[in-house]
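Colleague: Here you go, sequence then predicted model.
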Amino acid sequence: MSRTPKGEQEYLNAYTPKDYPSVALTVDLVVLAVAAGVLHSALVRRGVHPFMGGLALPGGFVGPRESAEQAAFRELEEETGLDLGRLPVHVEQLATYSDPDRDPRIRVVSVAHLALLATDGQTLPALSAGSDAAAAGWHPVHAVVDSPMAFDHSSILRDGLERLSGKLEYTTVAARLVPEEFTMTQLRTVYEATWNTRLAAGNFTRKMLPHLHDTGRKSKAAAGAPASLFTATERHIHPPMNRPATD
């Protein structure tokens, strides 16, 4: 068992945290999922000040014995009912936001996370507001990304959308938003929903096939011919997909 050197222990005993500026740590989550050809984000209406009634990302303060990731999972479940431990989801840190004036209460630094939730492309998990959220719901990202939001959450949402949009060009991250086995149409829908555009089906298929594994199985289509089912490889897309230019 290691022991703290005497000189260091004396220093720690005399150390006064109040001599330094206090900074609170929070987490915010950009949770994205696709349904009916539209990219959605899980958002809440704040039930408390500041920004009461304002649209916001789920999130909150990190507890004294929590990591940022643990707090992110806890806050999301408390505010929306989404339990990421029980859902097919990919979570990664997005960025750290530390502007001194981003919160009107105290100095707050936020570690934002991006969560990509797999769906069948038709339905989204039900949300239930809790904690200090007055309401929780899924919102079309491209319809709200430029709308006023609490704190700097519109900027965080834009950054999350840009992270996903950029990674679609050179990785198979789109597969994180569809079932483990998916059709080419389901995968193309993720690209179209994220980039907010239409893509030529034939060109898309030719580009993606080298980076997918054909399972040899077919989808159980309710109408029309069954489609081939694929799984994603971890290979980078090279040359990258060309994201259509936006105005």
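Modeller: It's in. Just so you know, these numbers come straight off a predicted model, no measurement behind them.

Colleague: what secondary structure does the residue nearest to G59 when sequence neighbours are not counted sit in?
Modeller: Leaving aside its chain neighbours, G59 sits nearest to D28 (3.7 Å; criterion: C-beta to C-beta, 6 or more residues apart in numbering). Any C-beta I mention is one placed from the backbone N, CA and C, and that applies to glycine too. The assignment at D28 comes out as strand when based on DSSP: H, G, I helix; E, B strand; the rest coil.

Colleague: On the pLDDT front, check D28 for me.
Modeller: At D28, the model reports a pLDDT of 98.

Colleague: ok, it - contacts?
Modeller: Counting by C-beta atoms under 8 Å, 6 or more residues apart in numbering, D28 touches L57, P58, G59, Y97, S110, V111, A112, H113, H153, I156.

Colleague: Could you identify the most distant pair in those?
Modeller: Based on C-beta to C-beta, the longest span within the contacts of D28 runs between P58 and Y97 and measures 15.0 Å.

Colleague: More neighbours: which of the two?
Modeller: Between P58 and Y97, P58 has the larger neighbour count (other C-beta atoms under 10 Å), namely 29 against 20.

Colleague: Am I right that A112 is in contact with L29?
Modeller: Yes: using C-beta atoms under 8 Å, A112 makes contact with L29 at a distance of 7.2 Å.

Colleague: Quickly list what's touching both of those two.
Modeller: Common neighbours of A112 and L29, using C-beta under 8 Å, 6+ apart, are L57, G59.

Colleague: Just the element for the spatially closest residue to E181 that is not a sequence neighbour, please.
Modeller: Spatial nearest neighbour of E181, chain neighbours left out: L229 (4.4 Å); criterion: C-beta to C-beta, 6+ apart. Using DSSP states H and E, L229 sits in strand 228-232.

Colleague: ok, now L168?
Modeller: Element membership of L168, judged by DSSP H and E, is helix 153-170.

Colleague: so where do the helices sit in this protein?
Modeller: 6-14, 68-80, 141-144, 153-170, 184-195, 201-208 (DSSP state H).

Colleague: I'd like to know which elements the fourth one is packed against.
Modeller: Using 3 or more C-beta pairs under 8 Å, 6 or more residues apart in numbering; DSSP states H and E as the contact definition, the elements that helix 153-170 packs against are strand 24-35, strand 38-46, strand 89-97, strand 108-117, helix 141-144, helix 184-195.

Colleague: what angle separates the third one from helix 153-170?
Modeller: Just to be clear, that refers to strand 89-97. Orientation check (axes from the mean of the first three to the mean of the last three C-alpha atoms, to 10 degrees): strand 89-97 against helix 153-170 gives 130 degrees.

Colleague: roughly how far out does strand 89-97 sit from the chain middle?
Modeller: Relative to the chain's own centre, strand 89-97 is displaced by 7 Å; criterion: C-alpha atoms, centre = their mean, to the nearest Å.
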